[in-house]
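A.B. asks: sequence unknown, structure follows:
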């Protein structure tokens, strides 16, 4: 027998059950229960030495109960015998960092209620949906009664060189923005993909066994051998063309899983479950970590091709779908929605509705959702303000200079009203954002004009559309604002653009709906380039990612909008779930806000040290490209408000 047992190597098989799987039709769900979930329980019942964990949302558990009530009874019995541990995740599989905090609280509370009703108990451990984590989610899990979370190790580890590799084999602590503590258990994307390959026969059983046993060390260690979908064994969801071929007639992938587990058991590996790991003194948490950083504020599972933008900016119409959900959440908060109404909203916010959803299910979803909230007319978008004491407009060649009580700006008419400089005077007399002209940076790769207030649409492989074209602006003075309008000529047709100057803030408004259908590419608007003279040496970004606001120091280079591959146009983003984000230097700063009900955009950050200068940019994406992108979605109008911000730490 191998030395795994003597060295204390423990392993967990955690199977994620999801009857909402995006590419599985409703009519195929009984087949999934029969071909996947039944054999999963058989796996344990036939092997007295085996311990596994099963995770499902409350929604999936309810559907299983309707299809096969006996399956639920078998699960409850195996749980009572200590052979299966149930792991929670909420009522629905929601990407927590992309939804409001109130929705996350309801999702966890509703899920716990379903677990107690159907299983007679509630779990200690939760699997973070799609491993999409933010520190802001911790409070919602703690309030629901969870003591620990299963999260991905690989993705956040890339941005934390200070972490010790040994930490991956034991629990750790993490904290909410308010300082509340919860335990973490580490899944491993490489481990679960190696397991899938071994089951599919792409990896020899002996090679897989050797790979696992090499994880043993000098002390107690734990690894998740698997922490992913159950529906990929003896069933093919049809999501990817690259899925392994179905097993040959007369063979079973579940039987092969049993054989792999048998080999590891005979080699000395001890099968365990997440709560047992959490209670094991030899694996108790030592380190306290924060997973998100500015360069990767919402870590998820797998590699950068699989990032948070896939559930917000791609799919069949993620931006519009999320906007409708934000509108519904605001309505329920305002009038006090029932538990059932919140549950239906949680289910409308499910991650699988935003990726590879089938046409039939998409049409059904459209009928179930409330209509979209139209964008407000710009001139009446904000409540009436007091009259401007200062309302000065001057034309200086191709520059348009605007000044109100607290705002001073220079617009470039030859570049589609791009901001040459914008000063918000309560934050100081120096402009915060504007244009860095050619020659500002020395390296040749940065020899370009870097504007502010503009939009860029990139359609691979060669098309690029911007609003940086000459315009003849129209200026309207009103008692409480100055409105500058122009129609920018583009290859997709005119783009109406408006900049509204109030006494202390500015609005940037883009009528992208005039372009019609969303192209297959990335669309980023409201791009803001910082002018370094106004800012101190230490910058930070603040926003809410599904919970209380978090503050991320800018300590390492990042470029969220950098394409990962020809098929994936962005690598990261902030959730900014209350439609607000701010940059500050510890003294003053700039905050940007927008109405999520109109366009549920995501902010993208660029932070690079270029020679002895900083290059800092914030943009707001209305579309990104990945393998979930489908034609047919409209483009949405976008309105961004800019105000001075003072950090109140």
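C.D. replies: On my side now, so go ahead. Predicted model, so just to flag it, every value in this text is computed and none were measured. Numbers count the residues shown, from 1 in each chain.
A.B. asks: hey, let's count contacts and neighbours off CA atoms from now on
C.D. replies: Noted.
A.B. asks: Wait, residue 182 touches residue 138, no?
C.D. replies: Yes: with contacts counted by Cα atoms under 8 Å, residue 182 reaches residue 138, the gap being 7.0 Å.
A.B. asks: of these two, who's got more company?
C.D. replies: Between residue 182 and residue 138, counted using other Cα atoms under 10 Å, residue 138 has the larger neighbour count: 26 against 20.
A.B. asks: Which of the three states applies to the more buried one?
C.D. replies: Taking DSSP: H, G, I helix; E, B strand; the rest coil as the rule, one finds residue 138 in the helix state.
A.B. asks: for the nearest residue to it once chain neighbours are set aside, what are its contacts?
C.D. replies: Excluding the flanking residues, the one nearest residue 138 by Cα to Cα, 6 or more residues apart in numbering is residue 176, at 5.2 Å. Going by Cα atoms under 8 Å, 6 or more residues apart in numbering, residue 176 touches 135, 136, 137, 138, 139.
A.B. asks: Relative to residue 576, how far out is the last one?
C.D. replies: So the one you mean is residue 139. Here residue 139 is placed at a distance of 17 Å from residue 576 (Cα to Cα, to the nearest Å).
A.B. asks: Please tell me I have it right and residue 192 contacts residue 227.
C.D. replies: Yes: shown here, residue 192 and residue 227 form a contact pair, counting by Cα under 8 Å, at 6.2 Å.
A.B. asks: of the two, who's got more company?
C.D. replies: residue 227 (26 against 20).
A.B. asks: Tell me the bridge partners for residue 497.
C.D. replies: residue 486, residue 510 (DSSP bridges).
A.B. asks: just checking, it touches residue 511?
C.D. replies: Yes: when contacts are counted by Cα under 8 Å, residue 497 is listed as touching residue 511 (6.4 Å).
A.B. asks: More neighbours: which of these two?
C.D. replies: residue 497 (22 against 18).
A.B. asks: wait, what's in contact with that one?
C.D. replies: Per Cα under 8 Å, 6+ apart, neighbours of residue 497: 485, 486, 487, 488, 508, 509, 510, 511.
A.B. asks: which residue packs closest to the last one, ignoring adjacent ones?
C.D. replies: Distances taken as Cα to Cα, 6+ apart put residue 637 closest to residue 511, at 4.6 Å, once the chain neighbours are dropped.
A.B. asks: Give me the below-cutoff pLDDT ranges for the stretch 201-350 of the chain.
C.D. replies: For the stretch 201-350 of the chain, the stretches with pLDDT under 70 are 238-250.
A.B. asks: what number of residues lie near the residue nearest to residue 511?
C.D. replies: Neighbour number of residue 637 under other Cα under 10 Å is 18.
A.B. asks: for residue 584, same thing?
C.D. replies: 22.
A.B. asks: contacting residues around residue 348?
C.D. replies: Neighbours of residue 348 in contact, by Cα under 8 Å, 6+ apart: 325, 365, 369.
A.B. asks: Show me the longest strand that occurs in this structure.
C.D. replies: Ranked by residue count, the top strand of the chain under DSSP state E comes out as strand 613-623.
A.B. asks: counting contacts, what elements does that strand pack onto?
C.D. replies: Identification of packing neighbours for strand 613-623 by 3 or more Cα pairs under 8 Å, 6 or more residues apart in numbering; DSSP states H and E yields strand 522-529, strand 602-610.
A.B. asks: Who does the last one pair with, and is each partner parallel or antiparallel?
C.D. replies: So the one you mean is strand 602-610. strand 558-559 (antiparallel), strand 613-623 (antiparallel).
A.B. asks: that older thread, and the helices and strands packed on strand 613-623, which is most packed in?
C.D. replies: strand 522-529 (a mean of 25; mean count of other Cα atoms under 10 Å).
A.B. asks: tell me the angle that strand makes with strand 613-623.
C.D. replies: 150 degrees (axes from the mean of the first three to the mean of the last three Cα atoms, to 10 degrees).
A.B. asks: which element follows strand 522-529 toward the C-terminus?
C.D. replies: strand 540-544 (DSSP states H and E).
A.B. asks: mean confidence for that next one?
C.D. replies: Strand 540-544 carries an average pLDDT of 98.
A.B. asks: Quick one: list the elements packing against it.
C.D. replies: For strand 540-544, the packing partners by 3+ Cα pairs under 8 Å, 6+ apart are strand 549-553, strand 580-584.
A.B. asks: list the helices and strands the strand or helix carrying residue 476 packs on?
C.D. replies: Using DSSP H and E, residue 476 sits in strand 474-478. Strand 474-478 is packed against strand 481-488, with contacts defined by 3+ Cα pairs under 8 Å, 6+ apart.
A.B. asks: same for the strand it packs on, what does it pack against?
C.D. replies: Strand 481-488 packs on strand 474-478, strand 495-501, going by 3+ Cα pairs under 8 Å, 6+ apart.
A.B. asks: And the contacts of it?
C.D. replies: Looking at what lies outside strand 481-488 - Cα under 8 Å, 6+ apart - the contacts are 379, 387-388, 391, 416-417, 467-477, 494-503.
A.B. asks: Weed out the non-buried ones from those residues.
C.D. replies: Buried residues within the contacts of strand 481-488, counting neighbours by 16 or more other Cα atoms under 10 Å: 388, 391, 416-417, 467-471, 473, 475, 494-503.
A.B. asks: so what's residue 62 scoring on pLDDT?
C.D. replies: Reported pLDDT for residue 62: 98.
A.B. asks: Residue 309 against residue 621, yeah?
C.D. replies: No: look at residue 309 against residue 621 with Cα under 8 Å: they stay out of range, at 9.2 Å.
A.B. asks: Quickly list the domain ranges of this protein.
C.D. replies: Domains of the chain are assigned by automatic domain parsing as 9-303, 392-645.
A.B. asks: Contacts only, for the residue nearest to residue 599 when sequence neighbours are not counted.
C.D. replies: The shortest distance from residue 599 to any non-neighbouring residue, by Cα to Cα, 6+ apart, is to residue 323 (5.6 Å). Contacts here follow Cα under 8 Å, 6+ apart; on that basis residue 323 touches 372, 373, 596, 597, 598, 599, 600.
A.B. asks: returning to that earlier point: farthest-apart pair in the contacts of residue 176, please.
C.D. replies: Spatially, the most separated pair among the contacts of residue 176 is 135 and 139, at 8.5 Å (Cα to Cα).
A.B. asks: Give me the common contacts of those two.
C.D. replies: 176, 547.
A.B. asks: Buried residues, stretch 280-292. List them.
C.D. replies: Under 16+ other Cα under 10 Å, the buried positions of stretch 280-292 are 283, 285, 291, 292.
A.B. asks: For this structure, give me the ranges with low pLDDT.
C.D. replies: 1-7, 238-250, 373-385, 647-649.
A.B. asks: so what strands line up beside the helix or strand encompassing residue 53?
C.D. replies: Using DSSP H and E, residue 53 sits in strand 52-56. Take DSSP bridges as the rule and strand 52-56 pairs in its sheet with strand 9-17 (parallel), strand 84-87 (parallel).
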